[in-house]
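> Any chance you could fold what I've pasted below:
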Amino acid sequence: MTTLSQNVPNPFNPTTTISFNTAAVGRVKLSIFDATGKHVRTLVDDNVSAGVQSAMWDGRDAAGTAVSSGVYFYRLTTNAVTHTKKMGLLK
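All right, here's what the predicted structure looks like:
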(Lines give C-alpha, C1' and ligand atoms only; values in the text may rest on other atoms or scores of the structure.)
Protein backbone atom coordinates (compact mmCIF):
# COMPACT_ATOMS: atom_id res chain seq x y z
CA MET A 1 0.00 0.00 0.00
CA THR A 2 1.26 3.48 -0.87
CA THR A 3 1.13 6.00 1.97
CA LEU A 4 1.96 9.68 2.43
CA SER A 5 3.17 10.89 5.83
CA GLN A 6 2.66 14.28 7.43
CA ASN A 7 5.58 16.60 6.76
CA VAL A 8 8.08 17.12 9.59
CA PRO A 9 8.27 19.65 11.10
CA ASN A 10 4.85 21.18 10.59
CA PRO A 11 4.57 24.13 10.63
CA PHE A 12 8.06 24.70 9.27
CA ASN A 13 10.69 27.35 8.58
CA PRO A 14 12.84 27.16 6.52
CA THR A 15 12.73 23.47 5.45
CA THR A 16 10.51 20.43 5.88
CA THR A 17 10.77 16.75 4.99
CA ILE A 18 7.98 14.84 3.28
CA SER A 19 8.11 11.03 3.50
CA PHE A 20 6.12 8.48 1.57
CA ASN A 21 6.06 4.71 1.26
CA THR A 22 5.48 2.98 -2.08
CA ALA A 23 4.34 -0.60 -2.37
CA ALA A 24 6.11 -1.28 -5.67
CA VAL A 25 8.63 0.18 -8.07
CA GLY A 26 6.97 2.81 -10.20
CA ARG A 27 6.50 6.38 -11.28
CA VAL A 28 5.89 8.87 -8.46
CA LYS A 29 5.14 12.58 -8.58
CA LEU A 30 5.29 14.72 -5.43
CA SER A 31 4.16 18.31 -5.96
CA ILE A 32 3.51 21.40 -3.84
CA PHE A 33 0.48 23.67 -4.33
CA ASP A 34 -0.56 26.91 -2.66
CA ALA A 35 -3.94 27.44 -0.95
CA THR A 36 -5.53 28.53 -4.26
CA GLY A 37 -4.43 25.33 -5.99
CA LYS A 38 -1.65 26.94 -8.01
CA HIS A 39 1.31 24.65 -8.65
CA VAL A 40 4.36 25.88 -6.74
CA ARG A 41 7.01 23.20 -7.27
CA THR A 42 7.53 19.52 -8.11
CA LEU A 43 9.90 17.76 -5.71
CA VAL A 44 9.84 14.26 -7.24
CA ASP A 45 8.86 13.15 -10.74
CA ASP A 46 10.65 9.88 -11.32
CA ASN A 47 10.60 6.11 -11.00
CA VAL A 48 11.31 5.13 -7.40
CA SER A 49 12.05 1.90 -5.57
CA ALA A 50 9.51 0.25 -3.32
CA GLY A 51 9.77 1.32 0.32
CA VAL A 52 10.17 4.51 2.28
CA GLN A 53 11.34 7.60 0.38
CA SER A 54 11.61 11.23 1.38
CA ALA A 55 12.00 14.66 -0.19
CA MET A 56 12.90 18.01 1.34
CA TRP A 57 11.18 21.29 0.50
CA ASP A 58 13.02 24.53 1.19
CA GLY A 59 10.03 26.85 0.87
CA ARG A 60 10.97 27.94 -2.66
CA ASP A 61 9.00 27.78 -5.88
CA ALA A 62 10.15 26.27 -9.17
CA ALA A 63 12.06 29.46 -10.04
CA GLY A 64 13.96 29.39 -6.74
CA THR A 65 12.07 32.29 -5.18
CA ALA A 66 11.08 32.01 -1.51
CA VAL A 67 7.31 31.69 -1.11
CA SER A 68 5.28 33.56 1.50
CA SER A 69 4.02 32.23 4.82
CA GLY A 70 0.77 30.33 4.58
CA VAL A 71 -0.94 27.01 4.02
CA TYR A 72 0.38 24.73 1.29
CA PHE A 73 -0.69 21.31 0.06
CA TYR A 74 1.51 18.48 -1.13
CA ARG A 75 0.22 15.77 -3.45
CA LEU A 76 1.68 12.33 -4.08
CA THR A 77 0.52 10.72 -7.32
CA THR A 78 1.26 7.19 -8.53
CA ASN A 79 -0.37 5.05 -11.21
CA ALA A 80 -2.72 3.63 -8.57
CA VAL A 81 -3.42 6.39 -6.01
CA THR A 82 -3.29 10.08 -5.18
CA HIS A 83 -2.81 11.38 -1.63
CA THR A 84 -2.88 15.02 -0.51
CA LYS A 85 -1.91 16.60 2.82
CA LYS A 86 -1.73 20.13 4.23
CA MET A 87 1.26 21.94 5.75
CA GLY A 88 2.06 25.38 7.06
CA LEU A 89 5.02 27.66 6.35
CA LEU A 90 5.76 30.28 9.03
CA LYS A 91 8.32 33.01 8.54
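
> ok, the most centrally placed residue in the chain - contacts?
When Cα atoms, centre = their mean is applied to the chain, the residue found nearest the centroid is Tyr74 (4.1 Å). For Tyr74, the contacting residues are Leu4, Asn7, Ile18, Leu30, Ser31, Ile32, Phe33, Leu43, Trp57, Thr84, Lys85, Met87, by Cβ atoms under 8 Å, 6 or more residues apart in numbering. Where you see a C-beta, it was placed from the backbone N, CA and C, and this is true even at glycine.

> helix or strand for it, which one?
strand 70-77 (DSSP states H and E).

> again, but for Gly88
Using DSSP H and E, Gly88 sits within strand 82-89.

> Number of residues surrounding Thr82?
11 (other Cβ atoms under 10 Å).

> cool, Thr84 as well?
12.

> pLDDT score for the closest residue to it other than its chain neighbours?
Take Thr84 and drop its neighbours on the chain: the residue closest to it by Cβ to Cβ, 6 or more residues apart in numbering is Arg75, 4.7 Å away. What the model reports as pLDDT for Arg75 is 98.

> unless I'm mixing things up, Ala80 is touching Thr2, no?
Yes - Ala80 lies in contact with Thr2 (Cβ atoms under 8 Å); the separation is 6.7 Å.

> more crowded one of these two?
Neighbour count, other Cβ under 10 Å: between Ala80 and Thr2, Thr2 has more, with 19 against 11.

> Partner strands of the strand holding Tyr74, with direction?
Sheet pairing for strand 70-77, assigned by DSSP bridges, gives strand 26-34 (antiparallel), strand 82-89 (antiparallel).

> Let me know which of the ones you listed is the nearest to Val48.
strand 26-34 (4.8 Å; Cβ to Cβ).

> Name the residues of the closest one that come out as buried.
Neighbour counts over strand 26-34 (16 or more other Cβ atoms under 10 Å) mark Val28, Leu30, Ser31, Ile32, Asp34 as buried.

> again, but for stretch 69-80
Buried residues in stretch 69-80 (16+ other Cβ under 10 Å): Tyr72, Tyr74, Arg75, Leu76, Thr77, Thr78.
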